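Peer 1: Give me a model of this one.
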Amino acid sequence: MNIKKLLFICSQNKLRSPTAENIFSEYQNFDVRSAGLNNDAENVLSSEDIQWADYIFLMEGTHKNKLLKKFKKYIKNQKIIVLNIPDIYDYMDQRLIKILKEKVRKYLEFVE
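Peer 2: Predicted coordinates for the structure are as follows:
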């Protein structure tokens, strides 16, 4: 089985990216991490996280700008995808889970 390494990034790593990590960790063909771009995030994004990942999912377009500005030299062949999910959902919100699954499904195959 080909394990894909998924990294989900938002600002604070409190709501959106930890939700994504939680739900996609349940799939055996994914190894999943989450991190935040802000210095005061729960789990601050590191260059090691970037180098580890096959797919980098960002919640907003502004996250891509910050990612490239701060970590450009560590980005190699990773696929960088902006999901365009606003910061309006609580952790494990059922609407957020549905949106994440719909959007990520476009890029990865997984069983519902």
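Peer 1: per-residue confidence at the closest residue to residue 50 other than its chain neighbours?
Peer 2: Of all residues not flanking residue 50 in the chain, residue 74 sits nearest, at 4.3 Å (Cβ to Cβ, 6 or more residues apart in numbering). Using the backbone N, CA and C atoms, a C-beta is placed for each residue, glycine as well. We note a pLDDT of 97 for residue 74 in this prediction.
Peer 1: likewise the one 4 residues further on?
Peer 2: pLDDT, residue 78: 94.
Peer 1: can you check the one 5 residues further on too?
Peer 2: pLDDT, the model's per-residue confidence, is 98 for residue 83.
Peer 1: which residues touch it?
Peer 2: 57-59, 100, 103-104 (Cβ atoms under 8 Å, 6 or more residues apart in numbering).
Peer 1: Looking at these, which one is closest to residue 33?
Peer 2: Of all the contacts of residue 83, residue 33 sits closest to residue 57, with 10.7 Å by Cβ to Cβ.
Peer 1: what packs against the helix or strand harbouring that closest one?
Peer 2: Using DSSP states H and E, the element containing residue 57 is strand 55-58. Packing partners of strand 55-58 (3 or more Cβ pairs under 8 Å, 6 or more residues apart in numbering; DSSP states H and E): strand 4-10, helix 61-71, strand 79-82.
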